[in-house]
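Trainee: Quick check, what structure comes out for this input:
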Amino acid sequence: MMRRSALIYLIAFLLVLHSGCSNNEDEWFISGMKPQENMMAPGLTVFNDNGNVSSPDLDPYFNKNVESIIRLHPSDEFRGKKVVLSAEVKTESVNGGAGMFIRVDGAYSGDILGYEDHSYGKVYGNSDWKKYQLVASVLENSSEIVYGLRLRGSGNVWARNIELKEANSLEVTGMEKPFITDMWFKTGTAPEKYEFDYGVHDQSIRSIDKVVDPEFAALSKYSKALELENKELELTAEIKSIDVKGWAGLWMRIDGIRYEGKRSYDTTAAFDNMNDRKIQGTNDWTGYKVVLKVPDEYKGIGYGVLLVGEGQLEIRNFRLRVKN
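Mentor: Numbering: from 1, shown residues only. Got it, this is the predicted structure:
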């Protein structure tokens, strides 16, 4: 759902990076949408392998303001291997998202071979120091690894003990146990026409403006949990619908990887939004489920509940689990 805007941002980020940075791998650089306005005074302090990014109050939802401190590293020693990026991260009043990221670039401008980003809701709000790790594959035709610390929206984020190294088998399989992110976020073609409730145990979506099918909004989550290969995931929830003029349903999407030679591309491995068994009209509390199988290789799982057109949904007992 957000793939197009994410791609636009990545292209802009790449242009900023290569137009304004040298190739000294020991240096940290500033990058983002408005780095001078949001980070330079006094926002950025970097020393040794520690970094800080801060930003004034900005709209976090549409991620219009994304600021980063980045470092470049040649791919030479890591080609054909996996690398792990580790760091301890601390946040204060982050209302968009924050965290470490890593990107593997090819030889040509705009040639992105791999990308992992913890700032999409991985760390937010106020959190004490905690260690995080990302694993990325470095293909034989890669030229450079870009990594660093990123802040979306407003708040402060710090990182220390930042390290990039070759990943051993223990780190690849045990770096991050399967998790379901606690952060809800809004997606869709017209989320501004809906009102959302982000309760921990109960959620709701309600249209507050004239909405015409196929305009829709969704309450969404995203997980990059490991060790789910070839397992079946079951998404369940109880939903109560009130005067739904379009339709509604649970949705789940598994993002996969497609290979062409030495290049890899993002692809949709599996998807179900209940389009063939729509929730419509007014219905009392009813249980619904979506089941998808995870392929051998995947990048992440998006899931949630969507409302197309006008109406209202109440949601409770929302759960994603490995079936059986």
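Trainee: neighbours of residue 107, just the number please.
Mentor: Applying other Cβ atoms under 10 Å, we find 11 residues neighbouring residue 107. Every C-beta, even on glycine, is put in place using the N, C-alpha and C of the backbone.
Trainee: ugh, wrong one, residue 211
Mentor: 21.
Trainee: Ok, residue 278 next?
Mentor: Quick note: residue 278 (other Cβ under 10 Å) scores 14 neighbours.
Trainee: out of everything not next to it in sequence, what's closest to it?
Mentor: What sits nearest to residue 278 in space, not counting adjacent residues and going by Cβ to Cβ, 6 or more residues apart in numbering, is residue 247, at 3.7 Å.
Trainee: okay but the one you found is in contact with residue 277, surely?
Mentor: No: if you go by Cβ atoms under 8 Å, residue 247 and residue 277 don't touch, sitting 9.6 Å apart.
Trainee: Neighbour count for those two, which is higher?
Mentor: Higher neighbour count among residue 247 and residue 277: residue 247, with 22 against 10, using other Cβ under 10 Å.
Trainee: Quick check: that one vs residue 72, distance?
Mentor: From residue 247 across to residue 72, the span is 48 Å (Cβ to Cβ, to the nearest Å).
Trainee: Likewise for residue 315?
Mentor: For residue 315, the distance to residue 72 (Cβ to Cβ) stands at 44 Å.
Trainee: And residue 196, by the same measure?
Mentor: 39 Å.
Trainee: Please enumerate the strands of the stretch 151-300 of the chain.
Mentor: Listed in chain order, the strands found in the stretch 151-300 of the chain under DSSP state E, counting those that start in this stretch are 155-166, 185-188, 194-197, 202-207, 216-223, 232-260, 263-272, 279-293, 298-308.
Trainee: Tabulate those strands in JSON lines, adding columns for mean pLDDT.
Mentor: Below are the strands of the stretch 151-300 of the chain laid out as JSON lines (pLDDT from 0 to 100):
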{"stretch": "strand 155-166", "mean pLDDT": "86"}
{"stretch": "strand 185-188", "mean pLDDT": "84"}
{"stretch": "strand 194-197", "mean pLDDT": "89"}
{"stretch": "strand 202-207", "mean pLDDT": "92"}
{"stretch": "strand 216-223", "mean pLDDT": "87"}
{"stretch": "strand 232-260", "mean pLDDT": "92"}
{"stretch": "strand 263-272", "mean pLDDT": "84"}
{"stretch": "strand 279-293", "mean pLDDT": "97"}
{"stretch": "strand 298-308", "mean pLDDT": "90"}
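Trainee: Now distance to residue 129 too, for those, in a markdown table please.
Mentor: Shown next, in a markdown table, are the strands of the stretch 151-300 of the chain (distance: least, Cβ to Cβ, whole Å):
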| stretch | distance to residue 129 |
| --- | --- |
| strand 155-166 | 7 |
| strand 185-188 | 25 |
| strand 194-197 | 31 |
| strand 202-207 | 31 |
| strand 216-223 | 23 |
| strand 232-260 | 30 |
| strand 263-272 | 32 |
| strand 279-293 | 36 |
| strand 298-308 | 25 |
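Trainee: out of these, which comes closest to residue 131?
Mentor: Evaluated over these, closeness to residue 131 peaks at strand 155-166, with 8.0 Å, by Cβ to Cβ.
Trainee: Might you quantify the distance of that closest one from its chain's geometric centre?
Mentor: Chain-centre distance of strand 155-166: 18 Å, with Cα atoms, centre = their mean, to the nearest Å.
Trainee: Break this protein down into its structural domains.
Mentor: 3-174, 185-322 (automatic domain parsing).
Trainee: Low-confidence regions, the stretch 51-200 of the chain specifically.
Mentor: 51-66, 108-111, 120-122, 168-183, 199-200 (pLDDT under 70).
Trainee: Mind jotting down where the helices sit in it?
Mentor: For the stretch 51-200 of the chain, helices defined by DSSP state H, counting those that start in this stretch occupy the ranges 169-174.
Trainee: hang on, residue 78 packs against residue 147?
Mentor: No: Residue 78 is beyond contact range of residue 147, at 11.7 Å (criterion: Cβ under 8 Å).
Trainee: For residue 143, which residues are in contact?
Mentor: Counting by Cβ atoms under 8 Å, 6 or more residues apart in numbering, residue 143 makes contact with 74-75, 105-107.
Trainee: just the buried members of those residues?
Mentor: Burial by neighbour count, 16 or more other Cβ atoms under 10 Å: within the contacts of residue 143 this picks out 75, 105-106.
Trainee: If anything else comes up later, I'll come back, but that's it for now.
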